[in-house]
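S.K.: what follows is a predicted structure for the sequence shown.
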Amino acid sequence: MDETDAELVELVRRGDRRGAGRLIERYLRACRAVALAVTGVEADADDVCQDAFVVAIERIDDCRDPAKFGKWLLQIVRNRARNLIRSQAGRRTVPLDDNVPAYGRSPVAELEQVQLRERLLGALAEIPEQHREVVLLHDLEGWKHREIGARLGLPEGTVRSHLHHARRRLRQILGDGDTTE
Amino acid sequence: MTEPDYIDFSPLDPGRDPERWARRMTATRMLVDEVLARRIGRPGALDIVGAWFRPILAAAAVVAALLGTAGAVLGGRNAALDRASEARRLAVLSDNSLGRGERPTGAQLLVAIRSRRAP
């Protein structure tokens, strides 16, 4: 049986590496999704999610409700992503490794992936940040409405509404529907 | 089950390059391990250097203290011996002078006192 967040936080507070490892496995991807929703740049999201996780472990004693570790962690991610954007204002550059081909993929296939990524990121940039978080956590990370609500501090009905509006708007922007199933 | 209007975000999936994502996970684990090591007092690099230096400094302090104490003790003992010799010489001079029915002269007193610095 999986340990609860509260149990894992307690392990981390005692310096247990396994507990921290389980939290990384459980939340690093979600951290990246939220960071991507804020920054809109994959390389930045990768850096932010790692940085935020380290900060969260450093400040684990500040997590007042260990059962809500996920919500607390994602707020750290959000804050650090916003700080990064502020620090980059006016000196935005293209990350070097954003378009590095994945191993084993042909250049043509990789080019198509790059174009698709750019289209998706461009479309996401057109919708509100909270809608981006909801749609990425649901459609990319596979979280349930209830989980998203608990970890973003939103009522489940609001999550459903955000998801509905986000998808509708994204479909409008993406037009041909080739990224929907 | 896939929802009908599910949007395919797989091009943004970090798992599209498993090796790269695994490296990211490993790097995060290592950084977190460092934090935990500091938290429970496991030695970091600076702690190890410090651990080497602390006994050396402590030993040096003890040696300095011992040398200082020995110096003070020896120095104090010499001074006490000097004072005892001086007192003995003055006593001998006084005894001789009284035995002869004379008072010691200033020159004799000066010799008795100064002779403690003689090699």
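M.R.: Perfect, I can see it now. Not measured: the values here are computed from a predicted model.
S.K.: going forward, measure contacts and count neighbours with C-alpha atoms only.
M.R.: Fine.
S.K.: tell me, how many residues neighbour the closest residue to chain A within chain B?
M.R.: In chain B, the residue that lies nearest chain A is B:Ile7 (4.3 Å; C-alpha to the nearest C-alpha). A count of neighbours around B:Ile7, defined by other C-alpha atoms under 10 Å in any protein chain shown, yields 24.
S.K.: so it makes contact with A:Arg168?
M.R.: No - using C-alpha atoms under 8 Å, B:Ile7 is not in contact with A:Arg168; the gap is 9.9 Å.
S.K.: any low-confidence regions in the chain?
M.R.: Here I'm looking at chain A. Chain A contains residues with pLDDT under 70 at A:1, A:90-105, A:176-181.
S.K.: actually, chain B is the one I wanted.
M.R.: B:1-4, B:42-54, B:57, B:68, B:71-81, B:98-99, B:101, B:113, B:115-119.
S.K.: again, only this time at 90
M.R.: Scanning chain B for pLDDT under 90 picks out B:1-6, B:16, B:38-119.
S.K.: give me the nearest residue to A:Arg117, chain neighbours excluded.
M.R.: B:Pro11 (5.6 Å; C-alpha to C-alpha, 6 or more residues apart in numbering or on different chains).
S.K.: now do the SS call for A:Gly15.
M.R.: Of the three states, A:Gly15 takes coil under DSSP: H, G, I helix; E, B strand; the rest coil.
S.K.: distance check, it against chain B.
M.R.: Distance from A:Gly15 to chain B, counting by C-alpha to the nearest C-alpha, to the nearest Å: 5 Å.
S.K.: tell me the contacts of the residue lying closest to that residue once chain neighbours are set aside?
M.R.: Spatial nearest neighbour of A:Gly15, excluding adjacent residues (C-alpha to C-alpha, 6+ apart): B:Leu36 at 5.1 Å. By C-alpha atoms under 8 Å, 6 or more residues apart in numbering or on different chains, B:Leu36 lies in contact with A:12, A:15-17, A:57-58.
S.K.: B:Leu36: helix or strand, and which one exactly?
M.R.: helix B:18-39 (DSSP states H and E).
S.K.: tell me the phi and psi of the most centrally placed residue in chain A?
M.R.: With the centre of chain A defined as its mean C-alpha position, the nearest residue by C-alpha atoms, centre = their mean is A:Ala33, 1.6 Å away. When read as degrees, to the nearest 10, the backbone of A:Ala33 gives phi -60, psi -40.
S.K.: buried residues in stretch A:66-74?
M.R.: A:66, A:68-74 (16 or more other C-alpha atoms under 10 Å in any protein chain shown).
S.K.: doesn't A:Leu174 make contact with A:Arg119?
M.R.: Yes - the pair A:Arg119 and A:Leu174 qualifies as a contact (C-alpha under 8 Å) at a distance of 7.3 Å.
S.K.: rewinding a little: buried residues in the helix holding B:Leu36, which are they?
M.R.: For helix B:18-39, by 16+ other C-alpha under 10 Å, it's B:21, B:24-25, B:28-29, B:31-37.
S.K.: quick one: A:Leu36 and A:Asp47 touch, right?
M.R.: No - using C-alpha under 8 Å, A:Leu36 is not in contact with A:Asp47, being 10.3 Å away.
S.K.: neighbour count winner among these two?
M.R.: Neighbours per residue (other C-alpha under 10 Å) separate A:Leu36 from A:Asp47, with A:Leu36 holding more: 28 against 16.
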